[in-house]
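S.K.: fold the following for me, if possible:
(4 chains)
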Protein chains: 4
Amino acid sequence: MSNNPPAHSTAPLGIAIIGLGGAVATTAVAGSLLLRKGLQRPVGLPLAEFDHLDLVDYANLRFTGWDLYQDDLYQAAAHHKVLDREQLEAVREELSAMYPLPAIRKESYCEGVVNGADSTESHRELIATIQQQIADFGREISGNVVVINLASTESALDLTEEKYQSIAAFEEALDGGHACISPAMLYAYACITSGTPYGNFTPSVAADVPALRMLAAERNVPIAGKDGKTGQTFLKTVVAPALRARALEVDGWFSTNILGNRDGEALRKPKSLLNKINTKGDVLTSCLGYEVENHVVKINYYKPRGDNKEAWDNIDVTGFLGHPMQIKVNFLCKDSILAAPLALEIARCLDLARRKGRGGVAESLGVFFKAPMTPDGGAPNHNFTEQQIELLRWLEELNVLEPVQETAAV
Amino acid sequence: MSNNPPAHSTAPLGIAIIGLGGAVATTAVAGSLLLRKGLQRPVGLPLAEFDHLDLVDYANLRFTGWDLYQDDLYQAAAHHKVLDREQLEAVREELSAMYPLPAIRKESYCEGVVNGADSTESHRELIATIQQQIADFGREISGNVVVINLASTESALDLTEEKYQSIAAFEEALDGGHACISPAMLYAYACITSGTPYGNFTPSVAADVPALRMLAAERNVPIAGKDGKTGQTFLKTVVAPALRARALEVDGWFSTNILGNRDGEALRKPKSLLNKINTKGDVLTSCLGYEVENHVVKINYYKPRGDNKEAWDNIDVTGFLGHPMQIKVNFLCKDSILAAPLALEIARCLDLARRKGRGGVAESLGVFFKAPMTPDGGAPNHNFTEQQIELLRWLEELNVLEPVQETAAV
Amino acid sequence: MSNNPPAHSTAPLGIAIIGLGGAVATTAVAGSLLLRKGLQRPVGLPLAEFDHLDLVDYANLRFTGWDLYQDDLYQAAAHHKVLDREQLEAVREELSAMYPLPAIRKESYCEGVVNGADSTESHRELIATIQQQIADFGREISGNVVVINLASTESALDLTEEKYQSIAAFEEALDGGHACISPAMLYAYACITSGTPYGNFTPSVAADVPALRMLAAERNVPIAGKDGKTGQTFLKTVVAPALRARALEVDGWFSTNILGNRDGEALRKPKSLLNKINTKGDVLTSCLGYEVENHVVKINYYKPRGDNKEAWDNIDVTGFLGHPMQIKVNFLCKDSILAAPLALEIARCLDLARRKGRGGVAESLGVFFKAPMTPDGGAPNHNFTEQQIELLRWLEELNVLEPVQETAAV
Amino acid sequence: MSNNPPAHSTAPLGIAIIGLGGAVATTAVAGSLLLRKGLQRPVGLPLAEFDHLDLVDYANLRFTGWDLYQDDLYQAAAHHKVLDREQLEAVREELSAMYPLPAIRKESYCEGVVNGADSTESHRELIATIQQQIADFGREISGNVVVINLASTESALDLTEEKYQSIAAFEEALDGGHACISPAMLYAYACITSGTPYGNFTPSVAADVPALRMLAAERNVPIAGKDGKTGQTFLKTVVAPALRARALEVDGWFSTNILGNRDGEALRKPKSLLNKINTKGDVLTSCLGYEVENHVVKINYYKPRGDNKEAWDNIDVTGFLGHPMQIKVNFLCKDSILAAPLALEIARCLDLARRKGRGGVAESLGVFFKAPMTPDGGAPNHNFTEQQIELLRWLEELNVLEPVQETAAV
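M.R.: Coordinates of the predicted model:
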């Protein structure tokens, strides 16, 4: 990369997706192809309007990834029923030729998602395989690679577990093949130790344990997460700060949603649901400046909707002289349609961070996440508008930075 | 006022309200009394948490005003049914002792609001009376006075009328007793020419005609307006910018609301409704950056609700790959409960501006208005969060300014 | 037809539709073809489960009709975007071969619906043409014919007009070519005087003027109408009687809906809208037993939805000890999907009535209409459940009746 | 009672309420007093308009009852915040003088409702006490007595338990002090064996076990239940049959509600919630004629609302040609305001049944219940309109019956 960077990086960017056959991933891949063919405008892509930034162009994105299911991407996308038939047919050829690599499988972490035997290799062998696959992909496309986690939510973990608290303890657990190391952590570790940026769009615990946060800082590899902020939480973090600005006190916030896709099904497992609820939890306190005593979040599997998630929020507020008012928000959204473009933007931003030499937790990407990671594990800011301002500030800052030397070589 | 200003101005601030017997005004007056007595916390008052600012303390607000109805304020407040009976009784004595001064009445501008004969005095006589009343009030309370317009919406006007375009033409029309000078303009003119800050919380045309904007700048008198941003438009300007940040395209926005108070009744007159719709009109273009072809706003008089306004918005958005989604927002609010505290804050801010020597259109108060005035009459920014940031910036700036000499004397 | 009627009439039934190219009509025709081909189950057809009744089988329905637009039905259906592409393609061949006959056109009755010159023939000539077209169609299919009006709403009329009050006056107006005779009336008159049952699914004034009601009774020709009860009014007449059964008093009922199809566009004309509002008007009084003071109905043209109508109702009720409660109903429906099957059922019922010798206003079909006609023009019953019970009673009664002699020959 | 019965029974009717201090009970008692004083019209009382029926007049109702809490009824009613302060004050004197009798307490059945020690008497002793209290009350008011269960929901039971299946087995369990006999059953048994009609407004298992149904039939004592059909289920059984009448197929029905009163708190106990969900379960199958695969019911404790329950239903339906539509119903109701008048009507009807000699399960009262009892325990009809028609038919039938001799003497 020269001293005079072009408006866009012209090298391809490879995105390796954990959960490549899922609804979000297939939507991202198909959507990317549709954009490249000029069959769609870049609607829903938050950074599309900033075409002067040194982000990789959408047309230069390439994909690979892993999945527990081995269907080709056309079959997978058809199964999820997110795309219109016309859209699907327009990229049928390309999708049909793409097959996921086999993902790491540990029944205890993905109960009920898919049948099959657990991976038998050791932790270190699995990591080596992942790193090999990433390196092969980079070579194949002659470009950088970032990894994005879009897999189904794993079971919740005990985050106080001592093995997560230091790099040394974590690596000891790795070496010992300890069961507390989840598949998501294996991917994250493989990325960090091979210099590959890693973004976690799921609620699963991965690079957010202290050991991996520290490792990413040490190795200067950008990581970001977690749990994409798409529908209900997005609007919650938009509305709550405005209520605060008007000094309207929130007495209660009841959020329920219904969804019927594979993610919804995974969330029927209490332990996966726990992870999900946890990442939705403390956003109100951050946005309002006080704790809402009655903040209830209920996620329901409801089959008729498929990928068409629906959220219903009821907000009880107290106004001047103690008078109660209510706000109800009903969001009929499409989960993967909201998520897929954010996943693409996260990948583009992580790649930019890498090229500019900004490793560690990319806190400035918080606007994309329900539970934004912070460098020191502290409480993040959830206020949507403030997060958006921070993102734009960061992009501007990075854009005028000289790229670091190491990112020049691909 | 010394070189060492106290955290709050300790002199009283008089608020003279046009429409003193209305629902918003009586709520503001009663609420102010309840706060002073410590019977209510300052919920719903956006600037209450900033008690280090040099704004007049809520406890130091005093009230007078004009109305077409001559009921005492206890009777008026009881009629509006905004306050609980307990709240009303707690300030019965004070409210019962307060009577509105007779307001200027011109049937052609307030069709159907109240029966009675038109004011017979000349424009100049009416202005002189208003100025006398303001001066008397200031003397009585030994404090500054600001005027806030909370009267029912007047009929729409032809804003291209040449008499509104320059100070000279306007004053000629005043001298000639021309019918194009509305009651709202007479109050505004009386304020500006007597150095009294003027805030317009209604959709009526008043200080926003070029002649009066120029006059306020020339005389260095702070003015602000117009049409308080309370419920539906407040949320619209919160949600729309967030949709833009996510690059979700708005295909249509249908806003309807039902309200049953005296304001709602006034809006049954097509010409008053027109004023109201006008001030709701172009907020989306400002918040989104493009014009929404299908932006429909329907306001309905619906008696059962009284002051309990209800808004229902349906937003059609297009996301990634052209997929449609819907957001519906149902706001069960209380018009006067939302409006009254904003009116108090506007008065406090205008007073601050005057003390700091900042006359002309107080553009930084835009967050309080549906149709924010700008110094040159240009298109305002409607983005709620950006307006809020601007307000806080302005307050900080004013707060560190030395007060100007002239404001010390009352 | 023998003395031993089969479970279903085996002769075909021809349905001649006024407005054949419209969204409802093309949905009805295409849907009928899809059913006949076994590509769809009879969902949404209220009488489908009563297959023991002597109604014409869905498979035996045939179609013709008139329209102001002359597109073939495939083009017309594609334009309306009601059917899925797959559904449309499955019947493309049949639809492509069907063209509407030119409809009567009078600009003053269909302002803005379509450009073109008014029909120049005399009233009597137009009637003769219609009757010839009906007779030709019956011969072509060797079956009975009924006419169903599915055209865009015509302008409202002064129903007190003397020419509508007696058969003689009406026919005198016909002979004189009087402008008070609308196109809808010409079709209705042509039907009644040729023994063809006539159903009016639109809000237009047609067979409901006294003259035509009397004529239908005199000639013993079944007629029914008017204005199909599809979405919002359907639910209103379901919920209101239940509130009455619980003695919950309705203080106000605010109904708004948004729709973006050609019907919605026609309703932008104030005179057409008036017709629509009129037929929605007095249902509550009928269902509740008292007049609701605050019953507001607002219909809005809102383009983004196309045929996907959306209704939002807010109901204010008072319960025990005067305590207020609210019910809100949000119906995201598809206008033509709801309407088309009802139009088919009305046709089948009118045909049955004719075969059983039951002429005049078919009051028992009231469940299908927003403004059910009664034999003497009196107030109808709008209670949905009672209407449904009446329909089933009537069908049972007709089903055990011997068919009358005259209906045997076709 | 003479051969010429008056329009209303003039003797008082005593209503002994289990759960007298609860929100529903105190609302019923206070409401009854307000009606008697002429301070309220009989809104929300479904049988108020049938004043020609031989039901006891509302003015002749008298109250007593049992509760785990011993507050006087004024204190209890004030705590529940259902009534306005004015309403409460108007009957303060009467309410303050009423104290509940101590209710039977078994921790295992009412976990968490209230602290205290379990009742120590034997089952037979408890029954004897209840019967004595009922008899005393009847003597005191010189009138008949019915018992209505309005207590908090008890824990769910294993209904296949052999001891519930025959009178002999049940009585053996009673004699043996078996723990499977719940407090609710003790009250029900005490009523049935003393000839006192018993209505169960709660989801608790009581007279609906086979043994007690048989006993009520044998002793000819009217019983009715269970679980009052007030808000969400009421509307569900209104809307679902209408969808069936239109042949709209229900693919899914998601019902959630939020409530914050003591009942809501009791429902936080999984075993009590189970009882509640059970009684909400099979209504759709009955109303639609087929089983809805995706029928989800979620009840949530949400404190800000207090007694103001709110229900949100989303209904996914398929219409003609397989097109999906959605109906959303949002009911902002007041639990006790809906329930209290129904409890009064059930008491009046049970009293009427007794006077007319109609013992056993009063199946015709099904319109009042979520899980209507049937004489043989078979599946009930849940269709609201059909239930209402049955109620009116039954009342008409009973009203023309001669009263049986035994009811004349009190």
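S.K.: next one: the helix or strand A:I127 falls within to chain centre, how far?
M.R.: Here A:I127 sits within helix A:123-141, counting by DSSP states H and E. Counting by CA atoms, centre = their mean, to the nearest Å, helix A:123-141 is centred 21 Å from the centre of its parent chain.
S.K.: touching the following helix or strand past that helix from outside, list them.
M.R.: Next helix or strand after helix A:123-141 toward the C-terminus (DSSP H and E): strand A:144-149. Residues outside strand A:144-149 that contact it (CB atoms under 8 Å, 6 or more residues apart in numbering or on different chains): A:11, A:13-19, A:134, A:137-138, A:184, A:187-188, A:191, A:196-202, A:204, A:206, A:225, A:343, A:346-347, A:350-351, A:354-355, A:407, A:410. In this view, the C-beta of every residue, glycine as well, is placed from N, C-alpha and C.
S.K.: partner strands of strand A:144-149, with direction?
M.R.: Neighbouring strands of strand A:144-149 in its sheet, by DSSP bridges, are strand A:13-18 (parallel), strand A:198-200 (parallel).
S.K.: how far away from the center of its chain is the last one?
M.R.: This points to strand A:198-200. Counting by CA atoms, centre = their mean, strand A:198-200 comes out at 6 Å from the chain centroid.
S.K.: can you pull the buried residues of that strand?
M.R.: Using 16 or more other CB atoms under 10 Å in any protein chain shown as the test for burial, strand A:198-200 gives A:198-200.
S.K.: how about the strands in the stretch 1-150 of chain A?
M.R.: A:13-18, A:61-67, A:101-102, A:144-149 (DSSP state E, counting those that start in this stretch).
S.K.: and the residue of the stretch 201-350 of chain A closest to chain B?
M.R.: For the stretch 201-350 of chain A, the residue closest to chain B is A:F320, as judged by CB to the nearest CB, at 3.4 Å.
S.K.: how close does whatever residue of the stretch 1-150 of chain A ends up closest to chain D get to C:I258?
M.R.: Using CB to the nearest CB, the point where the stretch 1-150 of chain A gets nearest to chain D is A:K81, with a distance of 12.4 Å. For A:K81, the distance to C:I258 (CB to CB, to the nearest Å) stands at 27 Å.
S.K.: what parts of the stretch 251-400 of chain A come near chain B?
M.R.: Selection of the stretch 251-400 of chain A residues close to chain B by CB under 8 Å from any CB of the partner chain yields A:318-323, A:325-334, A:337-338, A:340-341, A:367, A:384-385, A:388.
S.K.: can you pull the phi and psi angles for the closest residue to chain C within the stretch 201-350 of chain A?
M.R.: Chain C sits closest to A:N330 of the stretch 201-350 of chain A, with a gap of 7.6 Å, by CB to the nearest CB. Dihedral pair for A:N330: phi -120, psi 110, per degrees, to the nearest 10.
S.K.: skipping its backbone neighbours, what lies nearest A:V56 in space?
M.R.: Counting by CB to CB, 6 or more residues apart in numbering or on different chains, the nearest residue to A:V56 once its immediate chain neighbours are dropped is A:L13, at 4.2 Å.
S.K.: repeat for A:Y58
M.R.: Once flanking residues are discounted, A:Y58 sits nearest to A:L35: 5.0 Å by CB to CB, 6+ apart.
S.K.: counting neighbours, what do you get for that neighbour?
M.R.: 23 (other CB atoms under 10 Å in any protein chain shown).
S.K.: check it and give its pLDDT.
M.R.: For A:L35, the model assigns a pLDDT of 95.
S.K.: need the contact list for it.
M.R.: A:42, A:58-59.
S.K.: highest neighbour count among those?
M.R.: Going by other CB under 10 Å, A:Y58 tops the contacts of A:L35 with 21 neighbours.
S.K.: surely that residue meets A:G31?
M.R.: No. When contacts are counted by CB atoms under 8 Å, A:Y58 is not listed as touching A:G31 (9.0 Å).
S.K.: chain A: helices as residue ranges?
M.R.: A:23-36, A:73-80, A:85-90, A:92-96, A:123-141, A:167-175, A:183-193, A:210-219, A:232-245, A:262-266, A:270-280, A:283-288, A:335-355, A:384-400 (DSSP state H).
S.K.: A:R305 touches A:L332, doesn't it?
M.R.: No. Between A:R305 and A:L332 there is no contact under CB under 8 Å: 9.1 Å.
S.K.: quick check on the residue at minimal distance from the centre of chain A: phi, psi?
M.R.: Nearest to the geometric centre of chain A sits A:F201, at 1.4 Å (CA atoms, centre = their mean). Per-residue torsions, A:F201: phi -90, psi 0 (degrees, to the nearest 10).
S.K.: so who does the residue of the stretch 201-350 of chain A closest to chain C touch?
M.R.: A:310-313, B:327-330, C:330, D:328.
S.K.: hang on, the earlier thing: please check the contacts of strand A:144-149 and keep the buried ones.
M.R.: A:11, A:13-19, A:134, A:137-138, A:184, A:187-188, A:191, A:196-202, A:204, A:206, A:225, A:343, A:346-347, A:350-351, A:354-355, A:407.
S.K.: excluding chain neighbours, what is closest to A:K163?
M.R.: Per CB to CB, 6+ apart, closest to A:K163 is A:A173, 4.1 Å.
S.K.: could you check how far the one you found is from A:H123?
M.R.: A:A173 is 8 Å from A:H123, by CB to CB.
S.K.: also A:I167?
M.R.: 15 Å.
S.K.: same drill for those two, tell me which one is more crowded.
M.R.: A count of neighbours by other CB under 10 Å puts A:H123 above the other of A:I167 and A:H123, at 22 against 14.
S.K.: contacting residues around the nearest residue to A:I127 once chain neighbours are set aside?
M.R.: What sits nearest to A:I127 in space, not counting adjacent residues and going by CB to CB, 6+ apart, is A:A190, at 4.5 Å. Listed by CB under 8 Å, 6+ apart, the contact set of A:A190 reads A:126-127, A:130-131, A:134, A:196.
S.K.: tell me which two in the residues you listed are the farthest apart.
M.R.: Pairwise distances across the contacts of A:A190 (CB to CB) peak at 15.3 Å, for the pair A:L126 and A:T196.
S.K.: up against chain C, what does the stretch 201-350 of chain A have?
M.R.: Residues of the stretch 201-350 of chain A found near chain C (CB under 8 Å from any CB) are A:N330.
S.K.: A:L391 and A:Y198, how far apart?
M.R.: 19 Å.
S.K.: give the single residue among the buried residues of strand A:198-200 positioned nearest to A:V400.
M.R.: For the buried residues of strand A:198-200, the nearest to A:V400 is A:G199 (23.6 Å; CB to CB).
S.K.: next up, the contacts around the closest one.
M.R.: Here A:G199 is in contact with A:146-149, A:223-225, A:343, A:346-347, A:350, A:365 (CB under 8 Å, 6+ apart).
S.K.: pull up the per-residue confidence for it.
M.R.: Taking A:G199 on its own, its pLDDT is 97.
S.K.: again with A:K303
M.R.: 83.
S.K.: contacts only, for it.
M.R.: A:260, D:252, D:293-294.
S.K.: apply 7 Å and report the result again.
M.R.: Counting by CB atoms under 7 Å, 6 or more residues apart in numbering or on different chains, A:K303 touches A:260, D:252, D:294.
S.K.: with A:L284 instead?
M.R.: A:240, A:250, A:253, A:292, A:295.
S.K.: looking at these, which is nearest B:I104?
M.R.: Among the contacts of A:L284, A:V250 lies closest to B:I104 (CB to CB), at 42.0 Å.
S.K.: report pLDDT for A:V400.
M.R.: pLDDT, A:V400: 72.
S.K.: burial of A:R36, as a residue count?
M.R.: Neighbours around A:R36, by other CB under 10 Å: 16.
S.K.: just give me the longest strand of chain A.
M.R.: Ranked by residue count and defined by DSSP state E, the top strand of chain A is strand A:249-259.
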